[in-house]
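Peer 1: sequence unknown, structure follows:
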């Protein structure tokens, strides 16, 4: 017997799958119910209405796509010098810029796009960004304390900037074959190292 | 577009548009299959215009520059025009269109073309500046243009959360980064 939490997450999985293939408009409560072999009212037990379901699916989707390889707290425990710290950040960028992470970035752009028309969703996304980038900012604060990076950078603003430029890669990568992504990445690595190291 | 800019997508009424343009409603549907298609086309056009409004002054400024100092001043000036409160709304629309493009190949195709025209235009300026020794020669002009555009778009995340993120500080990081990419 599936638990309530389990059903909720299966509903979200199904909604995310629909959104992934046909956008927000393709989410149909009846289709989800049929697919999961549950009654439509059970969906409304978990989500007040379709809009609430769409919003929850966006938030969940965004959150899943933010997953990182190594949490910043762990990184900080592993690095001992300024060079190691900057190298760790650049290494995490290298991981981010892998081809198979394109989908994760595209999803984030989709959700951020939807959030521009939905203040409730924007609030939820802001909370996630704040939490996620807050930990990067904490690491920068620690690195500033250890005199590894410049103390005149605002850690949170720098974290948002760093993350924003990662997302900006979508603009280049969505038009396959036009932009030399190796050159794009080289630029990004260099600039990020400069911003942190200068 | 006027309706969207003032009141959002929901304000787009085909009948009103027909009235203000002085045509009958069916003529609107002659150009756009339905209301959704019209809103989509309006978004794409807003996306295009928002870029043109910044790239044209950049190209004009670059044409007027006499030396590296001039050119650097133009770059700084354009950035200060880009990072204004008035343009936050435009960037938000841009993010919205780009989001829609991720699940619509039609929108994506239109957006890719606009991005290419805009970034290509910026890249031409960079090539000229490289030839004149005003900027670094070891950066790829087109990749640089896309990178700059991408990070400008990234400001939306900070703009959405202004109570937490200091935009002045964000601007400083961005300006330092862009100047470094161009001037070393």
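Peer 2: Alright, I've got the coordinates. For clarity, every value in this text was computed on a predicted model and none was experimentally measured.
Peer 1: starting at the chain centroid, how far to stretch A:70-79?
Peer 2: In terms of Cα atoms, centre = their mean, to the nearest Å, the centre of stretch A:70-79 is found 19 Å from the chain centre.
Peer 1: ok, residues contacting it?
Peer 2: A:84, A:85, A:88, A:92, A:135, A:136, A:138, A:139, A:142, A:143 (Cβ atoms under 8 Å, 6 or more residues apart in numbering or on different chains). Every residue, glycine included, has its C-beta placed from N, CA and C.
Peer 1: quick one: which of those residues is nearest residue B:109?
Peer 2: Closest approach between the contacts of stretch A:70-79 and residue B:109, by Cβ to Cβ: residue A:92, at 32.2 Å.
Peer 1: and the closest one, what element?
Peer 2: For residue A:92, the host element (DSSP states H and E) is helix A:82-96.
Peer 1: list the helices and strands that helix packs on?
Peer 2: helix A:72-78, helix A:119-145, helix A:155-167, helix A:181-197 (3 or more Cβ pairs under 8 Å, 6 or more residues apart in numbering or on different chains; DSSP states H and E).
Peer 1: Is it possible to mark the buried ones in the contacts of stretch A:70-79?
Peer 2: With burial judged by 16 or more other Cβ atoms under 10 Å in any protein chain shown, the buried subset of the contacts of stretch A:70-79 is A:85, A:88, A:92, A:136, A:138, A:139, A:142, A:143.
Peer 1: most tightly surrounded among the helices and strands packed on helix A:82-96?
Peer 2: helix A:155-167 (a mean of 24; mean count of other Cβ atoms under 10 Å in any protein chain shown).
Peer 1: Run through the neighbouring helices and strands of that helix.
Peer 2: Helix A:155-167 packs on helix A:82-96, helix A:102-115, helix A:119-145, helix A:181-197, helix B:141-153, helix B:155-159, helix B:167-183, going by 3+ Cβ pairs under 8 Å, 6+ apart.
Peer 1: one more time with 7 Å
Peer 2: helix A:102-115, helix A:119-145, helix A:181-197, helix B:141-153, helix B:155-159, helix B:167-183 (3 or more Cβ pairs under 7 Å, 6 or more residues apart in numbering or on different chains; DSSP states H and E).
Peer 1: Using TSV, please lay out the ones you listed together with distance to residue B:69.
Peer 2: Converted to TSV, the helices and strands packed on helix A:155-167 look like this (distance: least, Cβ to Cβ, whole Å):
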stretch	distance to residue B:69
helix A:102-115	37
helix A:119-145	33
helix A:181-197	21
helix B:141-153	20
helix B:155-159	26
helix B:167-183	10
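Peer 1: before we move on, back to that, which among the helices and strands packed on helix A:82-96 is found nearest to residue A:63?
Peer 2: Across these, closest to residue A:63 is helix A:119-145 (Cβ to Cβ), at 5.8 Å.
Peer 1: from the buried ones among the contacts of stretch A:70-79, which is closest to chain B?
Peer 2: residue A:136 (12.5 Å; Cβ to the nearest Cβ).
Peer 1: ok, that closest one touching residue A:159?
Peer 2: Yes: with contact defined as Cβ atoms under 7 Å, residue A:136 reaches residue A:159; the gap is 4.2 Å.
Peer 1: what residue ranges in the chain score low on pLDDT?
Peer 2: No chain was given, so I picked chain A. A:1-2, A:68-69, A:198 (pLDDT under 70).
Peer 1: you looked at the wrong chain, it should be chain B
Peer 2: Ranges of chain B meeting pLDDT under 70: B:5-8.
Peer 1: Show the contacting residues for the residue of it found nearest chain A.
Peer 2: Ranking the residues of chain B by distance to chain A (Cβ to the nearest Cβ) places residue B:99 first, at 1.4 Å. By Cβ atoms under 7 Å, 6 or more residues apart in numbering or on different chains, the contact list for residue B:99 reads A:109, A:110, A:112, A:113, A:114.
Peer 1: try 8 Å
Peer 2: Residue B:99 touches A:109, A:110, A:111, A:112, A:113, A:114, A:116, counting by Cβ under 8 Å, 6+ apart.
Peer 1: how close does the fifth one sit to residue A:31?
Peer 2: Translated: residue A:113. 23 Å (Cβ to Cβ, to the nearest Å).
Peer 1: Could you check which of these two is surrounded by more residues?
Peer 2: residue A:113 (25 against 13; other Cβ atoms under 10 Å in any protein chain shown).
Peer 1: Which residue is the nearest non-sequential neighbour of that one?
Peer 2: Of all residues not flanking residue A:113 in the chain, residue B:99 sits nearest, at 1.4 Å (Cβ to Cβ, 6 or more residues apart in numbering or on different chains).
Peer 1: Show me how far the one helix or strand the one you found maps to is from its chain's centre.
Peer 2: Take DSSP H and E as the rule and residue B:99 turns out to sit in helix B:86-101. Relative to the chain's own centre, helix B:86-101 is displaced by 9 Å; criterion: Cα atoms, centre = their mean.
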